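> Take this sequence and fold it.
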Amino acid sequence: MSKTATCESVLGLPVLKKADVEELRSVFQKYATVEKDGEHYMTPRDFVIKYLGIEKEDADPTTLNLLAGVVDETKDGLISFVEFQAFESLLCSPDALYLLAFQLFDSNGNGFVSYDEFKSVMSQTRIHQHIPFDWEGEFCKMYFGWDKKKDLSYAEFTQLLQSLAYEHARVAFRVRDKNKNGFITALDFSDIMITVRKHMLTPFVEENLVSLVGGKQVSFPYFTGLNHLLSSMELVKKIYRQVAGHNPKAEITREEFLIAAQKVSQVTPLEVDILFHLCDLINPTGRITYEAIERIAPLEEGTLPYEMVEAQRRKEGPQQNRGFLVQFAESGYRFFLGGIAGGCGATAVYPIDLVKTRLQNQRSGSYVGELMYKNSFDCFRKVIRHEGFMGLYSGLVPQLMGVAPEKAIKLTMNDLMRDKFTTKDGQIPLYGEILAGGTGGMCQVMFTNPLEIVKIRLQVAGEIQSGPRVSALNVCRELGFAGLYKGASACFLRDIPFSAIYFPVYAHGKKYLADEDGHNSIPSLLIAATIAGAPAASLVTPADVIKTRLQVKEREGFTTYKGLFDCARKIWAEEGGKAFWKGAPARMFRSCPQFGVTLMVYEVLQRTFYIDFGGRRPEGSEVKKAPSIMDLPPPNPDHIGGYRLAVATFAGIERKFGLALPKFTPSEIIQAQVKKEVGAQPS
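Got it, this is the predicted structure:
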């Protein structure tokens, strides 16, 4: 008989196989630190902190015991393998969230929840500590009896749990109604909703609670109407679809919605007014759209662990299973956008590049006569005086012809390698960022070197007033194919470290300049891309000087070089160490704005003409939603079988029922789980 079984919902939700018994036992013994009478046991700390990772090392012991108590059926403070195995079966149940909550309150393990148990657990939640629950109110008496001696079965407890958060909100309203006139202040209204009903609030609704009521006092009917509306958003969507038909972008008036809502008595005119007021805060047209409804509706589907696993499968599956053609198409798309962005960046700073090249080619020590240019500004002035304004753009056409594939290959390869180094939780290790950037720089040399040697010879041609006119075609004919790669070693020496420095600095600069929602504005992209160019451009200037000397056309009276090391040696001997930094300011002034414009345009193009290839969107292009179950990272390798749902199910207690235990929130679970994942990675 097979040792594995399948747990799945009757509704066809994702299939999840229970772990093999021996494999599960091996995992259990790995974390069990207590041995008693030849048997291994987990302590609450073993289970909650070390295995699940949902609490920190300094967690409150009471909270640890409370959470571990859902597994510890014998309530002896230790978790046996049998109990560990039984909890896996619970996690596979369709009503796992309710079962977990029930066992959380059933502290003595007798299969019932008493009034004392209910009060003991509720008193430890942050909600009660901020806004105390009314233990003597009618709610408790109706469920537990007027003498509070009645114990609730599992089925009865689920009904209490469903009504608990709303009842707590009603109690809070009554407490905050200081004048006993049926009104509370806007700030009290906001505090109650965020404390007691936070699990029903989307980020948009939470941010606009005070704006919704105009800062005025809130009546109890309005308070009740909003809470009922948020609980009925699936019904609101259904009404919208009845009116809109198959047009998901239809704009519906209040009258149209009211007519359709008359068929459903659960939605009142006051709730419709609140709905349209919320939608007007998004787009003040007096109409509602499905997109606006989505920003208001609580994400109830995110509270189901089964659906979270399916969502993770959909999110991770495309990244892992994308075919070669899809990845090739994505690279082609990036290549095309990178070419456009590179052309924009090169055009913007080409005059600075020309000045930089002429300064680097200017010799001292081996050439008799006065220096042609004193500094960057003198060079800029003399080019305009002797060659006209268009002289600043000498060699631009071949530059644009070559810069498209050059920048495109660099950006494409960097993105491709970053994808390869990206972990399942969306993080990229620093070494991965460096290798990705270096790979982009290495691949671009096949385009860069011919481009650079033609560009340099055209840029310095203006220094010679006599002689035949120099064109890109003439340079290519003169050099031949092999000559176009003269100085390639120096090009590698420059471009690989440049990109290895630039792209990691840019990525971290983006994160630093992103707003609180993780989104990068266009100015922040430009600033991050520009600043990143400073260290990258300055640190590789010596390699750029050597490359320029090797690639420029030899002239009478100028020192000639046989190769990379010969060039470096002669520059040091004849001109000193300072010669290696010639044109460094001009190079920085050119590289910083060029890459600033290039990367900004590249990212804006990706946002504007976004195509979903099943990969990841550029970092900072989206507003990050508030942490939820859907954002939980994948379980660690030891979360096998039903335990793949464990972290999500514990988090779901708060997301679905609003039960927030001390130091127990989805966001903290995420942080703890991420740390656990990072710590589990091999060094």
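> Need phi/psi at the closest residue to residue 506 other than its chain neighbours.
In this structure, residue 506 finds its nearest non-sequential neighbour in residue 532, 3.9 Å apart by CB to CB, 6 or more residues apart in numbering. (Each C-beta comes from the backbone N, C-alpha and C, glycine too.) Main-chain dihedrals, residue 532, degrees, to the nearest 10: phi -60, psi -30.
> try residue 218
Main-chain torsions, residue 218, degrees, to the nearest 10: phi -110, psi 130.
> Just confirm residue 644 is within a strand.
No. According to DSSP: H, G, I helix; E, B strand; the rest coil, residue 644 belongs to no strand; its state is helix.
> my guess is the residue nearest to residue 506 meets residue 598, correct?
No. Taking contacts as CB atoms under 8 Å, residue 532 lies outside contact range of residue 598: 11.3 Å.
> Let me know the distance separating the closest residue to residue 396 other than its chain neighbours from residue 390.
Closest residue to residue 396 apart from its sequence neighbours, by CB to CB, 6+ apart: residue 350 at 5.4 Å. Per CB to CB, to the nearest Å, residue 350 is found 11 Å from residue 390.
> cool, and residue 654?
67 Å.
> quick one, longest helix in this structure?
Of all segments of type helix in the chain, defined using DSSP state H, the longest is helix 324-361.
> List the buried residues of that helix.
The neighbour-count check on helix 324-361 (16 or more other CB atoms under 10 Å) flags 330-331, 333-335, 337-361 as buried.
> cool, stretch 428-442 as well?
428, 432, 433, 434, 435, 436, 437, 438, 439, 440, 441, 442.
> Among those residues, which one sits closest to residue 248?
Distances from residue 248 to those, taken as CB to CB, are shortest for residue 428 (35.4 Å).
> SS state for the closest one?
For residue 428, the secondary structure call by three-state DSSP comes out as coil.
> Looking at it now. What's its pLDDT?
What the model reports as pLDDT for residue 428 is 86.
> go on, the one 5 residues further on?
We note a pLDDT of 91 for residue 433 in this prediction.
> tell me the contacts of it?
Neighbouring residues of residue 433 by CB atoms under 8 Å, 6 or more residues apart in numbering: 418, 421, 503, 504, 507.
> got it, and residue 147?
By CB under 8 Å, 6+ apart, no residues touch residue 147.
> So what does residue 288 look like in phi/psi?
The phi/psi pair for residue 288 (degrees, to the nearest 10) is phi -120, psi 150.
> Leaving out chain neighbours, which residue sits closest to it?
residue 279 (4.4 Å).
> need the contact list for that neighbour.
Counted by CB under 8 Å, 6+ apart, residue 279 has contacts 287, 288, 289, 292, 293, 296.
> and those residues as JSON lines, adding pLDDT and distance to residue 72?
As requested, these are arranged in JSON lines below (pLDDT from 0 to 100; distance: CB to CB, whole Å):
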{"residue": "287", "pLDDT": "91", "distance to residue 72": "55"}
{"residue": "288", "pLDDT": "91", "distance to residue 72": "49"}
{"residue": "289", "pLDDT": "90", "distance to residue 72": "50"}
{"residue": "292", "pLDDT": "88", "distance to residue 72": "47"}
{"residue": "293", "pLDDT": "89", "distance to residue 72": "44"}
{"residue": "296", "pLDDT": "89", "distance to residue 72": "41"}
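> Which of these fall in strands?
287, 288 (DSSP state E).
> filter the contacts of residue 279 to the buried ones?
Applying 16+ other CB under 10 Å to those flags 287, 288, 289, 292, 293, 296 as buried.
> Spit out the contact partners of the fifth one.
By CB under 8 Å, 6+ apart, the contact list for residue 293 reads 233, 236, 237, 240, 275, 279.
> Of all the residues in stretch 373-393, which ones are buried?
373, 376, 379, 380, 382, 383, 387, 391, 392, 393.
> ditto for stretch 96-115
Neighbour-count burial for stretch 96-115, with 16+ other CB under 10 Å as criterion, is recorded at 96-107, 112-115.
> swap in stretch 47-59?
47, 48, 49, 50, 51, 52, 53, 54, 55, 59.
> Equivalent analysis for stretch 117-132, please.
Across stretch 117-132, burial judged by 16+ other CB under 10 Å covers 117, 118, 119, 121, 122, 124, 125, 126, 127, 128, 131.
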